[in-house]
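Colleague: need a structure here:
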Amino acid sequence: MNHKWDSVHKFLMQSRVIFGVVILLVFLGLVSCSPGINENSTTNRQTSTPNEINSSAKSVSSNVKIVATATVTKTQKVTLSGCVDNAKYLNVRSGPGTQYGVNSYLSEGDCVTLIERNADSTWVKFSKGWLSQGYLKVNGSVSQLPFSTSIQTMVTNPPLTLNNTSQSISTPKPSPTSAPIQKPTSTQKKIEITGCPTGCTSHKSGCDIKGNISYNTREKIYHVPGQNYYNKTKISPQYGERWFCTEAEARDNGWRKAKN
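Modeller: Take a look at the predicted model:
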């Protein structure tokens, strides 16, 4: 009886060992059949080929806008400084020459900014008119200034604007007549107009008072012989300036006496 039990017990122990081995083999087989990590596929996903890099670079560069900035260098206009040096007073004229009217004058030592010149550089222009270059001390060569393209031919008797009223000054022409001129008889008195009651456009003997018009203020100022600016004052009838024989004539026509 005991011998039979020992045999059964031994069989059960052997069966348990065999069953354990089978279970272990089945487990190892399942593990070997499970999906693993494909190193080659991972490398392929993470590493890009040279062709792919070039395609990406072209795509990025096509979306980049290159903005070019150009620097424009402006040509600086040449200007010089000129000071009255060789004259106590220097006339400011409307054009480059003595044939042009006098607008005003500068005193010795006055300095202005010169902006243009005439063809032979003998006259220079500033903001208020033209000056003779020979009476100026310039801080450079006058030939450096740009040539003026706005020089106009002098117009005789241009319109003069005074007090917002345009007045055209012209020399009256005698009207033709067919009637003979009668000589005054002994019983007729010859009437002569003496002096310059309304101002003279030319210098008559004994009529030495100069009726000038200020270029800056358009004020009428007359100068009598002996005053400081008398000799430097030039009368330009085409601009409304006149000669007078007496101070009363000048005052009656709206002129005031110069202060010195």
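Colleague: Report how many residues lie close to V84.
Modeller: Neighbour count of V84, defined by other C-beta atoms under 10 Å: 20. For glycine as for every other residue, the C-beta is placed from the backbone atoms N, C-alpha and C.
Colleague: next one: I209
Modeller: I209 sits with 22 neighbouring residues when counted by other C-beta under 10 Å.
Colleague: quick one: K232 from P225, how far?
Modeller: For K232, the distance to P225 (C-beta to C-beta, to the nearest Å) stands at 13 Å.
Colleague: who's more crowded, the two?
Modeller: Applying other C-beta under 10 Å to K232 and P225 shows that K232 carries more neighbours, namely 15 against 9.
Colleague: per-residue confidence at the more buried one?
Modeller: Note on K232: pLDDT of 90.
Colleague: go on, P35?
Modeller: At P35, pLDDT is 53.
Colleague: for E108, same thing?
Modeller: Looking at E108, its pLDDT stands at 89.
Colleague: which residues sit in contact with it?
Modeller: V84, D85, A87, K88, Y89, L90 (C-beta atoms under 8 Å, 6 or more residues apart in numbering).
Colleague: rerun that using 10 Å as the cut-off
Modeller: Contacts for E108 (C-beta atoms under 10 Å, 6 or more residues apart in numbering) come out as C83, V84, D85, N86, A87, K88, Y89, L90, Y135.
Colleague: Isn't K128 up against L114?
Modeller: No. Contact criterion C-beta atoms under 10 Å: K128 and L114 do not qualify, at 11.7 Å.
Colleague: These two: who's more crowded?
Modeller: Neighbour totals were compared for K128 and L114, and L114 leads with 24 against 14 (other C-beta under 10 Å).
Colleague: Listing request: residues of the stretch 1-150 of the chain with sub-threshold pLDDT.
Modeller: Scanning the stretch 1-150 of the chain with the threshold set as pLDDT under 70 gives 1-6, 8-9, 31-76.
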